[in-house]
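K.L.:
Based on what follows, work out the 3D shape:
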Amino acid sequence: MVTEQAVLDALRVVMDPDLGRDIVSLGFIKDLAIEKGDVSFTVELTTPACPVRERFKTQCEQAVGALPGVRSVTVTMSARQAQHAQTQQASSLETVNTIIAVSACKGGVGKSTIAVLLARALREQGLAVGLLDADLFGPSLPTLLNLHQPDVYMQAGRIVPVEANGMATMSFGYLIGDSPAVMRGPMVAGYIEQILTQTEWGRLDCLVIDMPPGTGDIQLTITQRARIDGAVIVTTPQALSLADVAKGILMFEHVDVPVLGLVENMSHFVCDGCGKEHYIFGSGSDLLQRRFGLPTLARIPVTPGISSFEAINHEPVPPPIRELCDHLTRELGKRRAADLPKPAVAAIPGHLHIRWPDGSESVLPNVKVRAACSCARCVNEYTGEAILDPSTIPSNIEAETIQPLGHYAVSIAWSDGHASGIFTWDRLRELTAN
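P.N.:
Now for the predicted structure:
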């Protein structure tokens, strides 16, 4: 006779490669039923775009099917629904499982192209995908999708999205065409709230929001009106500004939106003769990863024609975008799986006190930590050479505010007026060791 415990024990051999634990202890197994040797259950993943869902299904079937007395195994794959309780969620977004913001701290870095291709990659995985162009002053979606003033209409008091490549899309550019958008703050907030919350998105696995560049009213309106599951920051090595990227990270953290990682667009080119990768501007994302503790989700090479209408709409999604999609969904799954323990940092006179998740403690002199700041005001963002002279740091410097940044770093504002320092947990560990 097959027992529930025997099935669960058999399933413990199926490991989540990102979380490092078996799917039983992670709570993925739901609705387990056994009837005369016929076993059925649901595997509830952290995200519908899980890149290993088919592998999980096969492993589950094999593990349970090998038990004595099992005649058949039926495995249903599902995804955990996002929690809406902590944030006011407009009714048109209630049926959207995951919302991803694609952001950039500067314009002209290819953010919109990345957003469209990412949405396509998610759609090719069989997901129901929506795409919102949230840039009211410079909408890109009409051009990228060649949809200039399509027929946009209301139904039952809601805006009906425009279908493109099997995705539900909406852009303010659909409504105004080539006319300039001349608006002040209150009007901007009203328009973006309308196309975000009054568009009839329907049941979506994922809504990708192409955010306008910068950290202004539109970004704050979106983060206040929608429960965003994670943000991706797009940058380029030649337009890299660590100060601007830091502002973007801090903006998302301030409104409780986790930053999932960085995308370095136009990072290199591949020689068509030898196939060698050439990083002519250096690898800026490596510098960002060291300084902010965020993973680089993908490096997108300079590819002729990648932003053309044919490439965006009809050609296969480029491998680097597929890699971005894979890494993005893995990071999102990690965030949803559990509230990972973080170090606790507190200010004491002249020092920082750190209690690490393993129970150990560290005490670091404020002067030492302040001297280790790697922001753009303290370190040359292109050469990596120190700008800050340690002898200029006041001996009585104190940490005035300490703000955790997700699971990767902490931001500290000092009594000398410096407030742009971000210290990764790895960097603080290094300072402790030295």
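K.L.:
Only C-alpha atoms from now on, for both contacts and neighbour counts.
P.N.:
Fine.
K.L.:
all strands for the stretch 51-200 of the chain, in order.
P.N.:
72-79, 96-104, 129-133, 154-155, 158-159, 162-164, 167-171 (DSSP state E, counting those that start in this stretch).
K.L.:
Helices along this structure, start to end?
P.N.:
For the chain, applying DSSP state H gives helices covering 4-11, 53-65, 111-124, 141-144, 173-176, 185-197, 217-225, 242-254, 284-292, 309-313, 319-337, 366-371, 425-433.
K.L.:
now the second one against strand 72-79, angle please.
P.N.:
Here helix 53-65 runs at 150 degrees with respect to strand 72-79, directions being taken by axes from the mean of the first three to the mean of the last three CA atoms, to 10 degrees.
K.L.:
Quick check: buried residues in helix 53-65?
P.N.:
53, 56-57, 59-61, 63-65 (16 or more other CA atoms under 10 Å).
K.L.:
Confidence-wise, which of those comes last?
P.N.:
The member of those with the lowest pLDDT is residue 53, at 85.
K.L.:
Check the offset of stretch 106-122 from the chain's centre.
P.N.:
Centroid displacement of stretch 106-122 relative to its chain, using CA atoms, centre = their mean, to the nearest Å, is 13 Å.
K.L.:
Also stretch 196-211?
P.N.:
Using CA atoms, centre = their mean, the offset of stretch 196-211 from its chain centre is 16 Å.
K.L.:
Let me know the average pLDDT across that stretch.
P.N.:
Mean predicted lDDT for stretch 196-211 stands at 92.
K.L.:
Endpoints of it, how far apart?
P.N.:
One end of stretch 196-211 sits 12 Å from the other (CA to CA, to the nearest Å).
K.L.:
and if you look at stretch 37-56?
P.N.:
So stretch 37-56: terminal residues 21 Å apart, CA to CA.
K.L.:
what's the answer for stretch 60-73, then?
P.N.:
End-to-end distance (CA to CA), stretch 60-73: 9 Å.
K.L.:
for that stretch, the distance to its chain's centre please.
P.N.:
37 Å.
K.L.:
With stretch 215-223 instead?
P.N.:
With CA atoms, centre = their mean, you get 17 Å for stretch 215-223.
K.L.:
returning to that earlier point: how about the buried residues of helix 53-65 in a markdown table, adding distance to residue 334?
P.N.:
Putting these into a markdown table (distance: CA to CA, whole Å) gives the following:
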| residue | distance to residue 334 |
| --- | --- |
| 53 | 15 |
| 56 | 16 |
| 57 | 19 |
| 59 | 21 |
| 60 | 21 |
| 61 | 24 |
| 63 | 24 |
| 64 | 26 |
| 65 | 29 |
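K.L.:
which pair in the residues you listed spans the largest distance?
P.N.:
53 and 65 (18.0 Å; CA to CA).
K.L.:
Tell me which residues touch residue 267, please.
P.N.:
236-237, 279, 281-283, 299-302 (CA atoms under 8 Å, 6 or more residues apart in numbering).
K.L.:
how close does the nearest residue to it once chain neighbours are set aside get to residue 312?
P.N.:
In space, residue 267 comes closest to residue 301 once its chain neighbours are excluded; the distance is 5.3 Å by CA to CA, 6 or more residues apart in numbering. Residue 301 sits 15 Å away from residue 312, taking CA to CA as the criterion.
K.L.:
now swap in residue 111 and tell me
P.N.:
Applying CA to CA to residue 111 and residue 312 gives a distance of 13 Å.
K.L.:
Comparing those two, which residue is more hemmed in?
P.N.:
residue 111 (26 against 21; other CA atoms under 10 Å).
K.L.:
quick one: the more buried one and residue 105 touch, right?
P.N.:
No. Residue 111 is beyond contact range of residue 105, at 9.8 Å (criterion: CA atoms under 8 Å).
K.L.:
list the residues that contact both of these two?
P.N.:
234-235.
K.L.:
May I have the phi/psi pair for residue 137?
P.N.:
phi -90, psi -20 (degrees, to the nearest 10).
K.L.:
Per-residue pLDDT of it, please?
P.N.:
Looking at residue 137, the pLDDT reads 79.
K.L.:
Let me know how buried it is, in neighbour terms.
P.N.:
Residue 137: 14 neighbours (other CA under 10 Å).
K.L.:
likewise residue 168?
P.N.:
Around residue 168 there are 21 other residues, counting by other CA under 10 Å.
K.L.:
Grab the nearest non-local neighbour of it.
P.N.:
residue 130 (4.5 Å).
K.L.:
separation between that neighbour and residue 348?
P.N.:
48 Å.
K.L.:
same check, this time on residue 172
P.N.:
In terms of CA to CA, residue 172 sits 50 Å off from residue 348.
K.L.:
Can you pick out the residue with more neighbours from those two?
P.N.:
More crowded of residue 172 and residue 348, by other CA under 10 Å: residue 172, with 23 against 14.
K.L.:
quick one, what contacts that one?
P.N.:
Per CA under 8 Å, 6+ apart, neighbours of residue 172: 133-136, 139, 195.
K.L.:
Nearest residue to residue 125 in space, ignoring adjacent ones along the chain?
P.N.:
Distances taken as CA to CA, 6+ apart place residue 49 nearest to residue 125, at 7.1 Å, with adjacent residues excluded.
K.L.:
now do residue 393
P.N.:
Residue nearest to residue 393 in three dimensions, not counting chain neighbours: residue 367, with 6.7 Å by CA to CA, 6+ apart.
K.L.:
shouldn't that neighbour be in contact with residue 399?
P.N.:
No. Using CA under 8 Å, residue 367 makes no contact with residue 399, being 10.0 Å away.
K.L.:
May I have the predicted confidence score for residue 333?
P.N.:
pLDDT, residue 333: 82.
K.L.:
Now do it against residue 261, distance only.
P.N.:
Distance from residue 333 to residue 261, by CA to CA: 13 Å.
K.L.:
quick one, which of these two is more surrounded?
P.N.:
residue 261 (25 against 20).
K.L.:
returning to what we had before: specify the stretch among the strands of the stretch 51-200 of the chain that is closest to residue 38.
P.N.:
The nearest among the strands of the stretch 51-200 of the chain, by CA to CA, is strand 72-79 at 4.9 Å.
K.L.:
Run through the neighbouring helices and strands of the closest one.
P.N.:
Using 3 or more CA pairs under 8 Å, 6 or more residues apart in numbering; DSSP states H and E as the contact criterion, the elements in contact with strand 72-79 are strand 38-45, helix 53-65.
K.L.:
Next, the angle helix 4-11 makes with the longest one.
P.N.:
Comparing the axes of helix 53-65 and helix 4-11 via the same axes, to 10 degrees yields an angle of 130 degrees.
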